[in-house]
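In: I'll drop the sequence and a predicted model, then ask my questions.
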Amino acid sequence: MSRSGSREAPRAARGSTRPAAPRLIPALPWRSPALIAAALAAAASALISVTYRIDDPDLWQHLAVGRFVWTQHALPLIHQWTWPSWGQPDVNPSWGFEALLWPFWDRGGLVGLSVWRWITTLAAFGFAWAAARQMGARGLVPAFVIAVCALTYRQRSDVRPETLSVVLLAVMMWLLESRRAGGPDRSMALVPIAWAWANTHLSYYIGLLLIALYAADDLLARRPGARRLALIFAGALAISFVNPFGWRALAQPFQYALFWSHEPVFQNIPELGPPDWLFNLRNGLPLLIAGWPALVIWRFRHRRIDPVEWALMLAFTAQSLMAQRFVGFYTVVAMPFLSRDLSEALAAIRRDPPRLPLAARATAVAIACFAVGTFEWQRWGYPPGIALVDGAYPMRACEFMAAHEVRGRGMNQFGMSSWQIYRFWPDRWRLPFMDIHQSGTRADRDLYQFAQVDDRGWKTIDERHHFDYALLIRVQYPADRLLDALDADTAFALVFKDDAAALYVRRAGSLAAVAERFAYRRVPAGNRALGELGRRVARDSSLRGPVKAELDREITESPWHGQAKSLEANLALLIADWSQARVLLDSVQAIDDHRPRLFLRFGLIDLVNGRPREALRQFAKEQQRNGHSAEAELAEGRAWAALGNRGRARAAYRRALKLDAGFQEAADSLAALDRQGGS
């Protein structure tokens with residue numbers, strides 16, 4: 001009797017009312033060379049998807065907690081990660097993950113962290129494939145589905161607790177589908193898995209939801225033994241309370257949904273908001289979001305109704321559309337159902353046996369597994385490799401703090417906190433104001449967010465806490481005002497800066513000597529003051545020497561000095577030293593090839609040196625990487641004008657004015673073309 005046939009009798013014995021789908025797909029055993037080849041291609045594709053340089057801001061606090069567990073032989077029941085909340089009772093539902101992760105880092109470093117990624121990714125999608133086979137997906141299609149789902153999953157594959165949670169989710173699905181298909185009933189294993197989940201991540205409720213849905217499916221179908229799964233759900237719920245923090249850990253997801261999600265600080269965290277569809281265009285998420293419902297509807301029209309699939313599709317799609325942090329869970333849940341549904345749909349389209357040999361079909365699937373990721377793997381925000389992203393963490397700023405005794409009541413953006421905790425714990429007065437979990441009072445969180453977006457916010461929060469220093473992220477987004485506020489505050493001095501961070505200290509008090517000795521007196525850190533400095537330097541040549549000296553200092557103090565080199569290139573452009581400007585811009589490109597206006601400036605150098613076609617190629621790169629700007633459109637118009645193409649020049653000038661109606665240079669250039677006439 002075939003393996004698939006052996007399942008029919010138990011399924012019937014259970015009293016399932018779900019119509020059994022005809023076996024339309026060749027049953028390939030696990031040892032089939034074709035299946036092994038397709039599986040290896042899918043695994044390799046998945047590993048490529050999750051092997052990129054690390055810049056996750058949360059990583060180092062997870063490692064700090066794991067280090068605490070292993071070195072102190074205790075659990076972190078008391079908060080000791082930020083100075084305002086030091087010593088207060090703490091709730092950390094991720095402690096189990098952090099304890100498991102620490103040996104990977106301690107013994108393997110960055111390779112160890114990559115191994116964690118590889119193991120958890122392969123385990124999650126491996127068990128998901130096993131669940132798909134229990135559902136009836138036997139062909140090569142699941143290999144390709146894994147490649148697509150892993151490509152979507154990659155955006156959530158940072159070394160975080162959810163990478164372990166998705167493995168537990170996939171194991172649960174395999175156990176439940178095996179039971180539902182009439183195989184061995186190992187459902188008692190769901191209870192310890194639920195316990196493990198409650199001790200590794202606050203997403204534990206997803207596992208309980210999964211058990212509840214399958215239990216409801218059993219009850220609706222009136223299968224013998226249906227009450228067993230309901231009792232297992234009760235056991236899984238009860239054992240979830242067996243964690244170091246009790247009910248408080250289990251309450252966190254509901255507290256967030258009911259209360260915390262309405263706070264401004266949480267509303268401004270990108271991963272807690274809806275997916276960015278422009279970002280997700282080439283990673284497969286739109287295809288999954290649209291494709292899964294389409295396949296479910298196709299099965300419904302063919303009288304193949306799976307209530308569990310409907311419930312999971314609706315629940316996880318809704319979660320993913322509301323918050324992109326659930327995309328990882330969505331891909332793992334969707335994978336088995338997509339594999340089964342797509343296999344059935346493809347087989348129904350062509351009822352004749354496939355004409356291509358099995359080896360040729362396996363080769364085609366393997367090629368497709370790699371081809372699907374071609375564009376996404378080249379995404380600039382996910383540089384491939386086993387390393388840290390250069391300048392992603394305030395390492396040099398923290399070393400400056402250590403070398404010059406910078407301590408006290410510090411202010412930070414929580415993206416800076418993780419490395420600060422890892423580097424300085426247990427020195428309370430070098431720990432951050434706010435950590436990756438936004439610890440602290442509601443009042444402090446509100447003041448923190450106010451300081452990010454309003455010039456008055458910094459003064460307000462400083463009056464409350466009287467900070468001794470501030471460690472801020474150097475990359476400044478349009479709505480970010482904190483760097484500008486510190487630049488304008490005469491009570492503070494900027495004493496260190498690189499591409500990762502800017503460090504300010506109070507001029508009076510214990511850090512007065514540091515402020516006096518190391519203050520930057522010419523070059524600020526915020527965009528607003530830098531723009532004003534550029535205008536002043538253009539008017540007053542006597543400023544250029546002192547400004548260059550401070551930029552040289554920044555370059556010598558940190559290897560992550562793309563901003564300083566970029567500003568030095570502007571100085572060279574100001575005096576028409578085109579060769580030196582290009583050398584400096586080449587250095588910037590080696591450090592950060594997505595620096596704003598980088599390729600625009602390359603193009604301007606080409607343009608003044610009589611190479612308008614090369615200039616156009618540079619302007620195209622600038623717009624591709626940093627978007628369209630009025631300045632880039634003006635430069636493109638001048639390049640077309642130099643080539644004698646007045647029509648394209650005119651169109652570029654008009655685009656510049658559409659982007660900035662008050663752009664006088666574009667208006668003058670357009671008027672000059674109109675006076676000349678012609679096309």
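Out: Sure thing, it's come through. As the structure is a computational prediction, the values presented were derived from the model and not from experiment. Numbers count the residues shown, from 1 in each chain.

In: which residues touch whichever strand or helix holds Gly603?
Out: Under DSSP states H and E, the secondary-structure element containing Gly603 is helix 598-608. Residues lying outside helix 598-608 but in contact with it, judged by Cβ atoms under 8 Å, 6 or more residues apart in numbering, are 566, 569-570, 573, 576, 578, 581-582, 585, 588-589, 592, 612, 614-619, 621-622, 625-626, 629, 631-632, 635, 638-639, 642. Any C-beta I mention is one placed from the backbone N, CA and C, and that applies to glycine too.

In: among these, the buried ones, what's the PyMOL command?
Out: With 16 or more other Cβ atoms under 10 Å as the burial test, the buried ones among the contacts of helix 598-608 are selected in PyMOL as follows:
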select buried, resi 566+569+570+573+581+582+585+588+589+592+612+614+615+616+618+619+621+622+626+629+631+632+635+638+639+642
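
In: now, the contacts of helix 598-608 that are in strands?
Out: Counting by DSSP state E, the contacts of helix 598-608 place none of their members in strands.

In: go through the helix holding Gly603 and flag the buried ones.
Out: Leu598, Phe599, Leu600, Arg601, Phe602, Gly603, Leu604, Ile605, Asp606, Leu607.

In: tell me the pLDDT of the last one.
Out: At Leu607, the pLDDT value in this model is 95.

In: what of the fourth one?
Out: Looking at Arg601, its pLDDT is 95.

In: equivalent analysis for the one 10 residues further on, please.
Out: On pLDDT, Arg611 comes in at 95.

In: and what of Met416?
Out: 89.

In: that one should be in a helix, yeah?
Out: Yes: for Met416, which was evaluated using DSSP: H, G, I helix; E, B strand; the rest coil, the result is membership in a helix.

In: so it touches Pro432, yeah?
Out: Yes: checked against Cβ atoms under 8 Å, the pair Met416 and Pro432 is within contact range at 6.7 Å.

In: more crowded one of those two?
Out: Met416 (28 against 25; other Cβ atoms under 10 Å).

In: what's near enough to touch that one?
Out: Shown in contact with Met416 (Cβ under 8 Å, 6+ apart): Pro57, Pro394, Pro432, Leu471, Leu472, Ile473, Ala501.

In: between those, which sits nearest Leu281?
Out: Sorting the contacts of Met416 by how near they are to Leu281, with Cβ to Cβ, puts Pro57 at the top with 24.7 Å.

In: quick one: buried residues of the host helix or strand of Asp668?
Out: Of the helices and strands defined by DSSP H and E, Asp668 is found in helix 664-676. By neighbour count with 16+ other Cβ under 10 Å, helix 664-676 contains the buried residues Ala666, Ala667, Ser669, Leu670, Leu673.

In: and for Met416 and Pro432, which residues touch both?
Out: Common neighbours of Met416 and Pro432 are listed as Leu471 (criterion: Cβ under 8 Å, 6+ apart).

In: residue ranges with poor pLDDT in the stretch 201-350 of the chain?
Out: Within the stretch 201-350 of the chain, not a single segment meets pLDDT under 70.

In: save the buried residues of helix 664-676 as JSON lines, and put in distance to Pro103 and pLDDT too.
Out: As requested, the buried residues of helix 664-676 are arranged in JSON lines below (distance: Cβ to Cβ, whole Å; pLDDT from 0 to 100):
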{"residue": "Ala666", "distance to Pro103": "59", "pLDDT": "88"}
{"residue": "Ala667", "distance to Pro103": "64", "pLDDT": "90"}
{"residue": "Ser669", "distance to Pro103": "63", "pLDDT": "89"}
{"residue": "Leu670", "distance to Pro103": "65", "pLDDT": "89"}
{"residue": "Leu673", "distance to Pro103": "67", "pLDDT": "86"}
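
In: contact partners for Arg582?
Out: Residues near Arg582 by Cβ under 8 Å, 6+ apart: Phe602, Ile605.

In: domain-wise, how is the protein divided?
Out: Domain assignment for the chain, taken from automatic domain parsing, gives 5-20+122-139+155-357, 395-519, 528-676.

In: same list, these, but as JSON lines with distance to Ala368 please.
Out: Supplementary listing: the domains of the chain in JSON lines, determined by distance: least, Cβ to Cβ, whole Å:
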{"stretch": "domain 5-20+122-139+155-357", "distance to Ala368": "13"}
{"stretch": "domain 395-519", "distance to Ala368": "37"}
{"stretch": "domain 528-676", "distance to Ala368": "27"}
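
In: if we can go back for a sec, just the ones in strands from the contacts of Met416, please.
Out: Counting by DSSP E, the members of the contacts of Met416 that fall within strands are Leu471, Leu472, Ile473, Ala501.

In: which residues in the stretch 201-350 of the chain form helices?
Out: 204-221, 226-240, 247-258, 264-267, 285-301, 307-322, 327-349 (DSSP state H, counting those that start in this stretch).

In: in stretch 440-452, what counts as buried?
Out: By 16+ other Cβ under 10 Å, the buried positions in stretch 440-452 come out as Gly440, Asp444, Arg445, Leu447, Tyr448, Gln449, Phe450, Ala451, Gln452.

In: now do the contacts for the third one.
Out: For Arg445, the contacting residues are Glu263, Pro264, Val265, Met434, Gln438, by Cβ under 8 Å, 6+ apart.
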